[in-house]
Structures are given as structure tokens and as C-alpha cells.
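Visitor: With the input below, show me the fold.
(4 chains)
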2 protein chains.
Amino acid sequence: MVAKATIDDVAALAGVSMKTVSRVVNNEPNVRAATREKVAAAIAALDYRPSQSARSLAANRSYVLGLLYDNPSASYVIDVQAGALATCRRAGYDLLIHPCKHDSEELTQEVLLLARQSRVDGLILTPPLSDIAELVQGLVEAQVPFVRLSPTENKAACPYVQTNDQEAAYDMTCKLLELGHTRIGFIAGHPDHKAVTERYLGYLAALKENDLRYDRTLVEQGYNSFDSGRECAARLLDLPDAPTAIFASNDDMAAGVIIEAHHRGIAMPVELSVAGFDDTPVAHQIFPSLTTVRQPIVEMAGKAAELLIKLLKGKSVQMPAAIMSCRILERESTHQVQP
Amino acid sequence: MVAKATIDDVAALAGVSMKTVSRVVNNEPNVRAATREKVAAAIAALDYRPSQSARSLAANRSYVLGLLYDNPSASYVIDVQAGALATCRRAGYDLLIHPCKHDSEELTQEVLLLARQSRVDGLILTPPLSDIAELVQGLVEAQVPFVRLSPTENKAACPYVQTNDQEAAYDMTCKLLELGHTRIGFIAGHPDHKAVTERYLGYLAALKENDLRYDRTLVEQGYNSFDSGRECAARLLDLPDAPTAIFASNDDMAAGVIIEAHHRGIAMPVELSVAGFDDTPVAHQIFPSLTTVRQPIVEMAGKAAELLIKLLKGKSVQMPAAIMSCRILERESTHQVQP
DNA sequence: AATGAAATTGACAGCGCTGTCAGCTCAGTT
DNA sequence: AACTGAGCTGACAGCGCTGTCAATTTCATT
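Guide: Residues are numbered from 1 along each chain as shown, chains lettered A, B, ... in the order given. Prediction:
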């Protein structure tokens, strides 16, 4: 790499102390405008770039956020990364990604290590990690700053960003009811993944609200994967009195439903309506394209990073609970029930 | 965070100098076994974790690799990340992700900044960034170590990892020919994305090899996206003498072909065979599931990180060119041509 | 037991920055 | 004109580690 100018070089050229250069670089107050300009000119002339390692060591912060996840959905993870990164860049932070296993024994230790090595200043936890009590507890005890995406438990512990999953699932169920469906199958999400399971509550609430009896045979336990969705669909469609609509807790499972129906020669959406949740890319790449719920994942992650950075700056973020709204996207896979 | 033990604490407890502790921590040779054990015990007792920022500053390396990409495929990016991370963890490195715009004016500057700030020790470039001459040139000049995934140009410049895209596309085309198809439509990839465009050469080679005349109307220019695939398919299927098989340069475009065919009521695979490339998740989530080519992306990225780390360790990696093989996956979307 | 080479260990000087704190400058006051 | 306090600036001491190099120990040989 090119010989790099240090803060001393800049100070010498600008005719000030290196501390003043530091002030200018860090946008600190109490520097006369004229001085600021002199320094800025010197920085430009030398093409000076502060060394991150040096400032990390001296200031005891790394200007790096860690992003923790354990989610099989590539598009979800990419969106979270994109949102977090956008904020990070604006604030001069970098993002370290740290996929991990939510059921690992050493999860908490592994994550704490990141902070203990001073690799990251704070962490963003995404579901299902945001609901692991031991991990959350460990971070609180070690006083590692962190923000959670969509936690369902222990919300007092720290800042979080959330969506109204339950409400959106309620709305989606109502939509299907409005289309005349009375037997609506539901495929629940992975039990370890609390945020997804919340959607089940929305489904239940909508049935209740509309005085439909709850039929246990219409609810299948899925595991968030395409394959599990397909298996659940097979069972639902085998029912003597099969549902005319199936609402899956996520798009991957909904895609599984659609494949299973295709293989059975069921015409969609006329003979079967299908709804999903998440609006992953597959939702509009399958036939029929999927009616689903879009979450503002990028924005949520961006907000989370923002809260975290505020927290790091010491601006007491009084446990702010940013709640963001989902939106139903009606596509081809839902249709009026046939008489 | 918990009060952290420093190297001095460990040295004091073990009764050695901090340099010796440093040697043990870094697995350097020339430390007596007994000493090593004493130190190890002290480290364990104090739960000592070296500060990354301090060692970065002192050793002038960050133990972080940067991953550069500009690829709309979430699953591709996730796979690359996973592969690179696996290697990084084994070697004690972290991974900084850096999505960017391949057509940005300031791309080279932006990327060089990462190294100049000593945030990363080296870079992994993925297509289409691996083919941007200016960027590659800039890195070489600035002496930033880097490794490329699937470069098609200037291969002498530095280590790279590659797949035999062209050969795989050749094989896939032959497979369609064997199924009796003689009019095989082809949807080319984004012209900026060299690695994808190589697949076109494989298609051409197969036609030539089998003495089929090249029909220009059967080749459409796509842009790697689902929508562009669908548009190209529409044009191909509108042809008076429409193809009986369509080979798209990637799965997203192939998914577009399948949707377009569905909307036209074309029965697949009997009336139309479709083939893709990449084996993205959508390939087996659509109906009919897609015959495609699987690249060992995770392995490639892992290998790339490995080469890069070797390079950083000064072990002269004499421009090693790891070439890895693709595999055709036959699924439901391809079928014998109808007489 | 003396000898020399190799193995092992430690002292020390930074790496390039930021935090602390003291000192200086300069309006606005009295 | 002297005084005040806010605004501005700089000296300096680390942050916790690694690289260098010299000192010491070890061990096989003679």
C-alpha cells in the first residue's frame, strides 16, 4: 500500500498540533473556522486517512458493529445487512457479520468474545437470536451494547425494533375471509422462531373476531422451510374437507404449498388460494405469484443500527421501541372462493 | 463490558515477560513447552483475550478480510459470505462486507480507502467486480493484496478462483440436444457480468460441435433479472418457429421463462424445456423445478479466502489458479422433445 | 569441563491515535 | 486599563500489543 501520511504529518503541514488535527477529523467543536480550513487543506494535500486501528486502540472503540443472525433465508439476511450497512456508512461505522447457530452450546461465549476482543462496539441481534434469553442476559451482564430486531420477550432489557406481525397476519386472514373462504388452513412457523409464531396469534384472532370456530385439523406445524411447507400442505390437502385457502407463516412454506398443489393438479388460485408472509424474491417468481406481507426489513435494520449508534454515543436511548408497519401485497395466488 | 485482563497481567501471573505471552498467543516457535503451559494456564485463569485493536496497531495488520460484491442475487452473496467466513474463522480472521456499485465513478477510491484506513488486510472480489480493470489496476498499484472470484480478464494480475462456466454451459446445451431439441433458445447474461456471458460461448460451442446452424433469432440479450428473463422468453415464444427448449444464463431469468410460459398456458416440460444456471433456491421452489447447473460457490469463496490469507502470510502464492467444477442438476423442467 | 551454536527469553521502543488538562487568546465587562 | 470567562490550542501520557535485538540459558560436542 502507498506510504501513508500520519496525523503528525498533517499537523506539521498545517502548522498545528496533532490534537487539533484530531479535533478536525472527529468533527469536534471548539476549533476556529480558519484553523479548521488550514487542517482540512493539509488533510487533502496529503490525502490523509486516519488509521482505524490506532483510533480504536486510543479511543477504546472499534467503529464496527456486529450483526448476528441465524436465518436460513438469504434474502432476509441480505436485506438486514443492507439496512444496517446503509446506516453504518453514514455514521462512519463498518459492519462485521457473524452468522451463528442459535442452538449452539457456546453461543453466548462466542458472541461475547467478539466484544471482549474489542472487535465490535455493539451488536444487532436478529430473530431468532433476539429471543434467546441466555444470550440477551449475557450481553446485559457483560454490558455489551446491543439492539434487537423483533424480540418477543423481555422487551424491557434494551432497545429494539419491531413489526406488527400479529396485526398483519390478522389482516391477511381477514382478507381471505372477505374472499369468502371459511376453511382456511394455517401453517405455523418454527417454534424456535418466536417472531414467526406470533403470526399464528393473528390468524387465531381473525377467526375469533369473525365468529369462525377454530378447527385444529386446519393448523399444521411447519419449520419455515420450503420442504416443511410442502409436507404440511400435503396433509391439509389430504383432509376429507380440505381448506380452500392456505395461509403459510412465511413465503418459503407458501412456495411449498404451491408446488404441492401443482403436483396434485389443483388449479390456483381458483381451486386454492395461498398466502405467504415476508415477500421474499420467490414470492413473485413463482406461478401464481404470491399474495404476501411485506415487512420493511431494510428500514428496520437501518433503524436498529441507528439506535445502536446512538446508544454508543451515550445519548441515553431510553429503550426506544421503534415499531414499523407491514403491508399486504395482493398478487395472483388469492381468489374469491368458488361456490 | 467486564474489566479485561491485559497481556501484562498474564505475564505477571505467569512470571514471564509479556513478549513471551505474545509468543504463546500467536503460536510462535521457540517457547519451551513448560513455559507455554505456564502461560496457557495464566491465560485461562484470567480469561485473557488479546485486544484486536492493539495487535492491529502494533503489527500493522487488522486480521480482517474485506468482501466486495455487487450482485443482486441474495443467495449468491450469502453463499460467498458463508464460504469466506468459514475459512476466516479457522484462521482467526473476521470478514467485513462491502457491497458497492460496479458502475460507480468512485469505486476504486472507495475500495482503496478500506485498505488505506487499515480496516482490512486484503480483499476478495466477486464478479462482476473481479473484471473491472480500473479497480484491479488500482489495487495492484496500491499493493493491496486481493484475490478474485471468476475473473475473465487479466488473469496474470493476482490469484484467483474460477469455475468452468463455459464447459458447463456446453454440457447443458449438449444435454438438451440429446433430448432431441434442435431449436434451443438462449438468453444471454448481463454484458457487464463477464462470467455469466462466458456461458454463451459454451452454448455456441455445443451448437457448432453438433453441426447445428446458429440462429440469431434464438438468442436474446437478458440482464440477469427475473423480469428480463420473462421479457426475453416472451420474444422467443412469439417467434413463428418458437424454440422447444430455452436455456437461460441464470436461474432468475429461467424462472422468468417459466412464468411467461405458465401465463401462456404452455405445458412444461412437455411442450417446453427450460434450463437455468446457478442452482439458486428458486430453482427447486418453482414448478416445474429447474434443471440447472450448480457451482460450488461456498467452496470457491472458501478457497479464495484461503489463498488470500496465504498471500498475507507472505507465502508466495504464485498466482495460483484454483479451478473448480460445476455439476448439472437434472430436475423437472427438461424433457424429451415431442415428435 | 570447556566451547560454540542453537534455543529461549526479555527490555524496550514504538504503532498512530485520543483523553486529559493546563495554558493561551480574545472579546466583553467593569 | 485591568479583569473575566469562554473559546481555542497544545503537551504529553498512554491505549495494549508486536518487532527488534541483545542477553541468557541449554545442550551436544570436544
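
Visitor: Okay, strands next: where are they in chain A?
Guide: A:64-69, A:94-99, A:122-125, A:146-149, A:160-163, A:184-188, A:219-221, A:245-248, A:273-275, A:292-294, A:321-324, A:327-329 (DSSP state E).

Visitor: mean pLDDT for these: which is lowest?
Guide: Lowest mean pLDDT of these: strand A:321-324, a mean of 85.

Visitor: Can you tell me which residues in the stretch 51-200 of chain A are near DNA strand D?
Guide: Within the stretch 51-200 of chain A, the positions lying close to DNA strand D (C-beta under 7 Å from any atom of the strand) are A:57-58, A:60. Where you see a C-beta, it was placed from the backbone N, CA and C, and this is true even at glycine.

Visitor: In chain A, what helix or strand scores lowest on average pLDDT?
Guide: strand A:321-324 (a mean of 85; mean pLDDT, DSSP states H and E).

Visitor: so how far is A:Ala234 from the closest residue to A:Ile184 other than its chain neighbours?
Guide: Spatial nearest neighbour of A:Ile184, excluding adjacent residues (C-beta to C-beta, 6 or more residues apart in numbering or on different chains): A:Ala245 at 4.8 Å. The gap separating A:Ala245 from A:Ala234 is 16 Å, by C-beta to C-beta, to the nearest Å.

Visitor: next one: A:Tyr214
Guide: 22 Å.

Visitor: cool, A:Val80 as well?
Guide: For A:Val80, the distance to A:Ala234 - C-beta to C-beta - is 32 Å.

Visitor: So A:Leu179 sits against A:Thr334, correct?
Guide: Yes: contact between A:Leu179 and A:Thr334 holds when scored by C-beta atoms under 8 Å: they sit 6.3 Å apart.

Visitor: quick one: pLDDT of whichever residue of the stretch 101-250 of chain A sits closest to DNA strand C?
Guide: When distances are taken as C-beta to the nearest atom of the strand, the stretch 101-250 of chain A reaches nearest to DNA strand C at A:Asp121, 12.2 Å away. As predicted, A:Asp121 sits at a pLDDT of 94.

Visitor: Hmm, it is touching A:Ser62, no?
Guide: Yes: using C-beta under 8 Å, A:Asp121 is in contact with A:Ser62, at 5.4 Å.

Visitor: between these two, which one's more packed in?
Guide: Higher neighbour count among A:Asp121 and A:Ser62: A:Ser62, with 28 against 21, using other C-beta atoms under 10 Å in any protein chain shown.

Visitor: Which residue, neighbours along the chain excluded, lies closest to that one?
Guide: A:Ser62 sits nearest to A:Ser56 (C-beta to C-beta, 6+ apart), 4.7 Å away.

Visitor: From what I see, A:Ile97 and B:Arg89 are in contact.
Guide: No: if you go by C-beta under 8 Å, A:Ile97 and B:Arg89 don't touch, sitting 11.6 Å apart.

Visitor: Contact partners for A:Leu67?
Guide: A:80-81, A:84, A:95-98, A:123-124, A:126 (C-beta atoms under 8 Å, 6 or more residues apart in numbering or on different chains).

Visitor: one more time with 6 Å
Guide: A:84, A:95, A:97, A:124 (C-beta atoms under 6 Å, 6 or more residues apart in numbering or on different chains).

Visitor: Poorly predicted segments of chain A, please.
Guide: When residues are selected by pLDDT under 70, those of chain A lie in A:1-3, A:315-319.

Visitor: Do a quick rundown of the helices in the stretch 201-339 of chain A.
Guide: Along the stretch 201-339 of chain A, counting by DSSP state H, counting those that start in this stretch, helices occupy A:226-238, A:251-263, A:297-312.

Visitor: follow-up on the earlier one: okay, the strands of chain A, which one's buried deepest?
Guide: strand A:245-248 (a mean of 30; mean count of other C-beta atoms under 10 Å in any protein chain shown).

Visitor: sorry, back to before: who has more neighbours, A:Leu179 and A:Thr334?
Guide: Remark: of A:Leu179 and A:Thr334, A:Thr334 carries more neighbours, 24 against 17, as counted by other C-beta under 10 Å.

Visitor: Surely that one and A:Val270 touch.
Guide: No: contact criterion C-beta atoms under 6 Å: A:Thr334 and A:Val270 do not qualify, at 10.8 Å.

Visitor: Residue numbers of the stretch 1-150 of chain A in contact with chain B?
Guide: Within the stretch 1-150 of chain A, the positions near chain B by C-beta under 6 Å from any C-beta of the partner chain are A:1-2, A:49, A:51-54, A:56-57, A:74-75, A:77-78, A:94, A:96-97, A:115-119, A:142-144.

Visitor: if we go to 8 Å?
Guide: Contacts of the stretch 1-150 of chain A with chain B, taken as C-beta under 8 Å from any C-beta of the partner chain, map to A:1-2, A:4, A:49-54, A:56-57, A:62, A:64, A:74-75, A:77-79, A:81-82, A:85, A:94-97, A:99, A:113, A:115-119, A:142-144.

Visitor: Just give the number of residues close to A:Arg90.
Guide: Quick note: A:Arg90 (other C-beta under 10 Å) scores 12 neighbours.

Visitor: From A:Val77, how far out is it?
Guide: 21 Å.

Visitor: Same question for A:Ser130.
Guide: 14 Å.

Visitor: can you check A:Leu218 too?
Guide: 31 Å.

Visitor: more neighbours, those two?
Guide: Using other C-beta under 10 Å as the criterion, A:Leu218 and A:Val77 rank with A:Val77 on top: 24 against 21.

Visitor: Excluding sequence neighbours, find me the nearest residue to the residue nearest the centre of chain A.
Guide: In chain A, the C-alpha nearest the mean C-alpha coordinate belongs to A:Val80, at 4.8 Å (C-alpha atoms, centre = their mean). Take A:Val80 and drop its neighbours on the chain: the residue closest to it by C-beta to C-beta, 6+ apart is A:Ala301, 4.3 Å away.
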